[in-house]
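A.B. asks: give me a model of this one.
(one chain, ligands or ions: 1)
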Amino acid sequence: GHLVLVSRIAQLEVELHLHLDGAIRPETILYFGRKRGVPLPGSTVDDLLKHVSYKTPLTLTKFLEKFNHYMPAIAGDREAVRRIAYELVETKAKEGVIYVEIRYSPHLLANCHVDPIPWGQTEGDLTPDEVVNLVNQGLQDGERDFRIKARSILCCMRHMPSWSPEVVELCKKYQNNSVVAIDLAGDENAKVDNASEHKKAYEEAERCGIHRTVHAGEAGPPAMIKEAVYLLKAERIGHGYHVLEDPELYKELLRAKMHFEVCPWSSYLTGACHPDFGKHPLTQFKKDRANYSINTDDPLIFNSNIDKDYGIVKDYMGFTEEDFKRVNINAAQSSFLPEKEKQELLNTLYAAYGMDPSAS
Ligand SMILES: O=c1[nH]cnc2c1ncn2[C@@H]1O[C@H](CO)[C@@H](O)[C@H]1O
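C.D. replies: Residues are numbered from 1 along each chain as shown. Model prediction:
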């Protein structure tokens, strides 16, 4: 009878690590490819996904090449940039996410005032600044229509230190107008000459009260995490799996309650972790009651959604409903929202989870 309806605890989620350009609907890529006459590797959703998504581990470097297949259809188009942001909020709302931080590189969606112009585009008139404006509009329209909260994080790219000064300037210009933080994404094993530009950008972010996260220790060694924390003053670590190879550092970060943005299915497909989920760093994080969230990362390329990642940790790592509550409370606590909004988010979760706020 009707009692069955209450048997499943309504699980509301908080997602902190999600790439806008790794979460585009294939239908939207096909639409803009056709509309703009940009050739794509397939003309149906299935064909396109055959090239863009995959099921067995690649290297991080090979995974990052997947973006080449479809970004030319989206980058440089105002309507497309605004729409992918809007649609991602809709997708997340349908998955039960009530607060999401969406990250992207403004430069990788632009076709002017960016050097080099990405994806082999011819020069146009969409600047990184206007990209941020368009994404903000999409996110804000999505928040209104789908009644969840969405904020954004602007990415510096490891291999493009020359873009980083503008990334932090855009964070400042749009601070708390959707934008809450700066990130450093891309291939952490790539050799970079001008890495001091990243450091300068992060110093400026700290000076201006802009929150900081860094992709580190995903495919790279624990030294990258050290650098992220102590040099770049990261408040959260994107992935961070390889922290376990430096027990001293791990102990320090546990003590400091450093937040790890864990992406289970992503970590399998990028070859970041041992393919046996029973040996995944998350099992250790769980034992140690570390501070972490569970995230999808690039659901287009990983052909996934939040249920996939929750399913993996439930089936292979023994996560229970109670564990998921704690994960999401930690995520909310480590979110980059201003204090008052963070409290509101926490209160919403406590109420939904039937928890006493003072008991956590
Ligand atoms: O798992 C990841 N590790 C490192 N970089 C990534 C990952 N997923 C996406 N990006 C990079 O971040 C850019 C901005 O969103 C993407 O274009 C991609 O190059």
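A.B. asks: who in this structure is up against the ligand?
C.D. replies: Residues of the chain found near the ligand (C-beta under 6 Å from any ligand atom) are 19, 21-22, 64, 67, 103-105, 108, 155, 185-186, 215, 218, 266, 270, 297-298. Heads up, the C-betas are built off the backbone N, CA and C, glycines and all.
A.B. asks: 5 Å - rerun?
C.D. replies: With C-beta under 5 Å from any ligand atom as the criterion, the chain meets the ligand at residues H19, D21, G22, Y104, S105, C155, A185, G186, H215, D298.
A.B. asks: burial count for L346?
C.D. replies: L346: 20 surrounding residues under other C-beta atoms under 10 Å.
A.B. asks: and the residue of the stretch 151-300 of the chain closest to the ligand?
C.D. replies: A185 (3.5 Å; C-beta to the nearest ligand atom).
A.B. asks: and that residue, bridged to which residues?
C.D. replies: Following DSSP bridges, A185 is listed with bridge partners M157.
A.B. asks: so what's it up against?
C.D. replies: A185 is in contact with H19, R103, S105, C155, C156, M157, R158, H215, G238, counting by C-beta atoms under 8 Å, 6 or more residues apart in numbering.
A.B. asks: whatever helix or strand the second one lives in pairs with which strands, parallel or anti?
C.D. replies: For R103, the enclosing helix or strand under DSSP states H and E is strand 97-104. Neighbouring strands of strand 97-104 in its sheet, by DSSP bridges, are strand 13-19 (parallel), strand 149-157 (parallel).
A.B. asks: that strand - what's its average pLDDT?
C.D. replies: The predicted model gives strand 97-104 an average pLDDT of 98.
A.B. asks: follow-up on the earlier one: now, the most widely separated pair of the residues of the chain next to the ligand?
C.D. replies: The distance between the two most remote of the residues of the chain next to the ligand (C-beta to C-beta) is 14.3 Å, for D21 and H215.
A.B. asks: which of these two has more neighbours?
C.D. replies: When neighbours are counted by other C-beta under 10 Å, H215 comes out ahead of the other of D21 and H215, with 27 against 23.
A.B. asks: elements contacting the helix or strand where the more buried one lies?
C.D. replies: Element membership of H215 [criterion: DSSP H and E] is strand 211-216. Counting contacts by 3 or more C-beta pairs under 8 Å, 6 or more residues apart in numbering; DSSP states H and E, strand 211-216 packs against strand 179-185, helix 196-207, strand 236-239.
A.B. asks: which ones are touching I312?
C.D. replies: Applying C-beta under 8 Å, 6+ apart to I312 gives the contacts P264, W265, F277.
A.B. asks: am I right that it falls within a helix?
C.D. replies: Yes. Counting by DSSP: H, G, I helix; E, B strand; the rest coil, I312 falls inside a helix.
A.B. asks: and it, how far is that from T91?
C.D. replies: Distance, I312 to T91, by C-beta to C-beta, to the nearest Å: 19 Å.
A.B. asks: with R255 instead?
C.D. replies: Taking C-beta to C-beta as the measure, R255 and T91 are separated by 37 Å.
A.B. asks: tell me who's in contact with C263.
C.D. replies: Listed by C-beta under 8 Å, 6+ apart, the contact partners of C263 are H17, H239, I294, N295, T296, D297, D309.
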